[in-house]
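Visitor: pasting the sequence and the predicted coordinates here, then a few questions.
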Amino acid sequence: MSREKSKRKDVWKLVSLLVILMYALILVYPLIRLLRESVIVEGQFSLQGFKDFFSKPYYVRSIGNSLKVSLAATAISLALGVPLAYFYQMYEIKGKSLLQVLVILCSMSAPFIGAYSWIVLLGRSGVFTKLLESIGIQVGSIYGFSGIVLVLSLQLFPLVFLYLCGALKNVDNSLLEASVNMGCSGAKMFFTVVIPLCMPTIIAASLLVFMRAFADFGTPLLIGEGYKTFPVIIYDAYFAETGGDHTFGAAVSVIGIFITAAIFLFQSWISNRHHFTMNAMHSIERKKAKGFKNVLLHIYCWAIVGLSFMPQVYVIYSSFQKTSGKLFVPGYSLESYRFAFTHLKKAIPNTFLIGIAALALVVVLAILIAYLVVRRANVANKVIDTLSMVPYIIPGSVIGIALVLSFSKRPLLLSGTAAIMVIALIIRRIPYTIRSSVAVLQQIPITIEEAAISLGASKMKTFFTITVPMMGNGIISGAILSWVTIITELSTAVILYNANTITLTLAVYTYVSRGSYGIAAAYATILTVTTILSLLLYMKLTGNKEVSL
Amino acid sequence: MSVNITIRDAVKKYGSNTIITDLSLDIKEGEFFTLLGPSGCGKTTLLRMIAGFNSIEGGDFYFNDVRINDMDPVKRNIGMVFQNYAIFPNLTVEKNVAFGLKNRKLSKDVIVEKTDKFLKLMKIEEYRDRMPERLSGGQQQRVALARALAITPDVLLMDEPLSNLDAKLRVEMRTVIKEIQNTVGITTVYVTHDQEEAMAVSDRIAVMNLGDIQQIGTPKALYQRPANLFVATFIGRTNIIKSTLHAEGQKTFITLPGNHRIELSTIMADQRKDQEVILSIRPEELYLKPEGEDGVKAIIDDAVFLGLNTHYFVHFESGEKAEIIQESQIDSILEKGSVISLGVKTQKINVFDKDGKRNLVMGVHNDLVGGAR
Ligand SMILES: Nc1ncnc2c1ncn2[C@@H]1O[C@H](COP(=O)(O)OP(=O)(O)OP(=O)(O)O)[C@@H](O)[C@H]1O
Ligand SMILES: [Mg+2]
């Protein structure tokens, strides 16, 4: 009996050990390699890379640019997303299910598609620009700062919306009634009661939006023109250097990590001061707004969502336009699709193969890690918990560079293979999936597992026959959302891919950067349709009309 | 300033489902008024209509002479204590209590003064800088009460404020609530489904069932002279026994199990006629007669000693069961199976018509407004 017991214990210890080894190999080692690369030049310790960076205002300014862009995008996302979530949870909005699906689709479109469409719509010779000019309205330039902020805000406010909807569901109706009772209602209540109650979530959402905006490189690349942001510098630095020498790229990456880590610490400090818990006995019930107010509500909600969804509609539309060479010509055809399906034949199967492999591993690892963290708290698992959250704050392109540096020589020769793409996706996606699995697991009382064990089931058997099935719904919904973000991942993949491992998102990127917009639009449409189908599947499987992150 | 509340012909519908059909009620100024009834009878619904959080489908609600049906809840000047307290989790105790005051645009000094006053009154001064998360249930309840009272409302509404507390705290807190209400002298409407709690705190109680008010009266009136069978069974414990009423000249008699006849002098004059009736005899309204004396024969099934009292569970020769409460005696408890002879405290027992709709005994007080009864 006792021997058996100690053997069972070893199973989970073994899992801990394997997970730590895995992280050591795919995360810690690459980061160390990156650090080493940044301070070693030709076998000698040197800070040349850092000196180069800080001696050129061009580089240093990019940090300021990135901070400015990210702050502005975060502020605007909050300004759009928080009221939208509030209206959505408080009032009956016509077509609210569709509204929510569209909001999610906005956040899950491949990056830079937004940038590309806005150029076509509002750029120098854009459709709207001409239309507005013909009635005498001058559109300012959307290139540079304002364009980047516009595109990022419209793409990132959905995250604020989704987070805030979750928070508002935890606000007990009686809190709002108590407030009304004490003479505080309407807009005043929104600012003095609702916003403070949602503060922890607002802070968390801000961090997420800020990090995404800070790490995004597709948008500034396309619409930024001369306005260089930090991720673009990282990307340029990496591709400018040839051969084995990546000192400068590595140094810039290390600087990037320091900046995001500082931001993260700042956020943790703030959120610790705003910590409290809530759970609702009676959630807020949606009310019908009356008269003029109701009209305004609907205009606000649908205008914002319509505006942010427009780029995707336009992309779908232009995928059916006739092209001649790289130019659109009047008329419609399926030529772009014919081209898309005959060229880069691997893009579609790759998207699914790499995506599914990554997803399967992410889900399995996330469940195991969540279990270790929640049920087997000890030092080793605390380390795993911390390690798993590290990628959350590291820009995607930095992870890409670190992986290339680590896995381009024998015996660890992985660069150019699908395996390295899968590894990259695992590292980047797993923090989110672990978080949702942890949340699900914490809802399951440990007494249920204890009951199974007291009835004679082994620990492993309990885990697989009781715990995992109980986590089932949470796992599936988490997995599908992960799936959508996996197939639209760009910033890491763009560093790692080659002709054999190209995916749909990368294909869009390739053709946009070549200027073949029709073909890019066709690939993008295929991607969008895949995303929509995945979301529909999610709703069907969870029986849930509402998506939560 | 306290108000009296008048409700006339209130109607509440959820969709096509009518919860409250036609309800009228007068609540006096400064009174502690309780809505009591089984789960789902519409207590919360009615309370929230007064507060302004539920729509009103029909009828009129007045605070003094002011019709409040369409008044914004913000303007009703109501203090409300919620079942789950609804304390803002992001504000300290002090800020919670000051919240309503700040919305009144009072000067800083007044806010501080009033906050202090109610923190002191509710004995939660020492926790003023604590976050609500770190308070016990009873302390949170005190915060909720302090916060509701601080705005000097015209009316205080409480929806099962004690239901989340353990039994001992419940008893303690209800005394606190009663005392505070006495001190402040505010019109209070209190909702509970615990009849003992209702008796302990209320000036008057409205017993509700299925969206209707059955009886309104003081705890004593409800207990001693319930208006109908529902009130008799809902308030306190009672033995329900089928019986017949006989009128012989000026006298009326009821038949108890075993054909034991006793005279009742309490029946209303117009009801002194032969009819089937239902008796409600509370356990303490039955007493053991000394051995040998004539009475209702009963056989003891079980005896439970509870200190002050001893409960006997018995059955009559007819098979009907009953419960008796006797003050515990120093000599031994009666054995199971022993045959005893019971007397009835005839002044106290209640007699209902055969439908249980109406009490036939004199002295029933029912403040029900415009009641047919
Ligand atoms: N929002 C609603 N929609 C539809 N029906 C409702 C709603 N709220 C309450 N009801 C119904 O109205 C009736 C009265 O409910 P109410 O909450 O007033 O009961 P209650 O007397 O407070 O009960 P409890 O003691 O359980 O709190 C119930 O039958 C309930 O199902
Ligand atoms: Mg209720």
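Guide: Received, thanks. Ligands and ions are numbered 1, 2, ... in the order given.

Visitor: make it CA atoms for all contacts and neighbour counts henceforth
Guide: OK.

Visitor: and A:Ile104, what element?
Guide: If you go by DSSP states H and E, A:Ile104 is part of helix A:96-108.

Visitor: which other helices and strands contact that helix?
Guide: helix A:145-169, helix A:291-319, helix A:517-542 (3 or more Cα pairs under 8 Å, 6 or more residues apart in numbering or on different chains; DSSP states H and E).

Visitor: got the angle between it and helix A:291-319?
Guide: With axes from the mean of the first three to the mean of the last three Cα atoms, to 10 degrees defining the directions, helix A:96-108 sits at 50 degrees from helix A:291-319.

Visitor: so after helix A:96-108, what's the next helix or strand?
Guide: In N-to-C order, the element after helix A:96-108 by DSSP H and E is helix A:113-122.

Visitor: now do that following helix, average pLDDT.
Guide: Helix A:113-122 shows an average pLDDT of 81 in the prediction.

Visitor: equivalent analysis for stretch B:179-195, please.
Guide: Mean predicted confidence for stretch B:179-195 is 92.

Visitor: check the offset of that stretch from the chain's centre.
Guide: 12 Å (Cα atoms, centre = their mean, to the nearest Å).

Visitor: stretch B:6-24 now?
Guide: 21 Å.

Visitor: next, the buried residues of that stretch.
Guide: Going by neighbour count (16 or more other Cα atoms under 10 Å in any protein chain shown), the buried part of stretch B:6-24 is B:6-13, B:19-24.

Visitor: average pLDDT across the helix holding A:Ile104?
Guide: Here the average pLDDT along helix A:96-108 is 85.

Visitor: which pLDDT value does the model give the closest residue to ligand 1 within the stretch 251-373 of chain B?
Guide: Residue nearest to ligand 1 within the stretch 251-373 of chain B: B:Leu368 (18.5 Å; Cα to the nearest ligand atom). Looking at B:Leu368, its pLDDT reads 85.

Visitor: need the three-state assignment for B:Ile299.
Guide: Three-state call for B:Ile299 (DSSP: H, G, I helix; E, B strand; the rest coil): strand.

Visitor: meant to ask about B:Val364
Guide: coil.

Visitor: quick one, what contacts it?
Guide: With contact taken as Cα atoms under 8 Å, 6 or more residues apart in numbering or on different chains, B:Val364 is in contact with B:Ala221, B:Arg225, B:Pro226, B:Ala227.

Visitor: excluding chain neighbours, what is closest to the residue of the stretch 251-373 of chain B closest to ligand 1?
Guide: B:Ile216 (5.6 Å; Cα to Cα, 6 or more residues apart in numbering or on different chains).

Visitor: SS state for the one you found?
Guide: strand.

Visitor: neighbouring contacts of whichever strand or helix holds A:Phe328?
Guide: Using DSSP H and E, A:Phe328 sits within strand A:327-332. Residues from elsewhere that reach strand A:327-332 (Cα under 8 Å, 6+ apart): A:Phe320, A:Gln321, A:Lys322, A:Thr323, A:Ser516, A:Tyr517, A:Gly518.

Visitor: for those residues, give me TSV that also has neighbour count, distance to chain B and pLDDT.
Guide: Below are the contacts of strand A:327-332 laid out as TSV (neighbours: other Cα atoms under 10 Å in any protein chain shown; distance: Cα to the nearest Cα, whole Å; pLDDT from 0 to 100):
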residue	neighbour count	distance to chain B	pLDDT
A:Phe320	20	49	90
A:Gln321	22	51	85
A:Lys322	18	55	83
A:Thr323	22	57	80
A:Ser516	18	53	83
A:Tyr517	25	51	83
A:Gly518	32	52	85
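
Visitor: show me which pair in those is furthest apart.
Guide: The largest separation in those, counting by Cα to Cα, is between A:Phe320 and A:Ser516 at 13.5 Å.

Visitor: what residues are shared contacts of the two?
Guide: Common neighbours of A:Phe320 and A:Ser516 (Cα under 8 Å, 6+ apart) do not exist.

Visitor: quick one: the strands in the stretch 201-350 of chain A?
Guide: Counting by DSSP state E, counting those that start in this stretch, the stretch 201-350 of chain A has strands at residues A:321-324, A:327-332.

Visitor: wait, B:Ile349 touches B:Ser280, no?
Guide: Yes: counting by Cα atoms under 8 Å, B:Ser280 is a contact partner of B:Ile349 at 6.2 Å.

Visitor: mind giving me the domain split of chain A?
Guide: Following automatic domain parsing, one finds the domains of chain A at A:45-318, A:331-549.

Visitor: worst average pLDDT in those?
Guide: Across the domains of chain A, the lowest-scoring stretch is domain A:331-549, with a mean of 83.

Visitor: how near is the closest residue to A:Ser77 other than its chain neighbours to A:Thr74?
Guide: Nearest non-adjacent residue to A:Ser77, counting by Cα to Cα, 6+ apart: A:Phe157, 4.1 Å away. Separation of A:Phe157 from A:Thr74 (Cα to Cα, to the nearest Å) stands at 8 Å.
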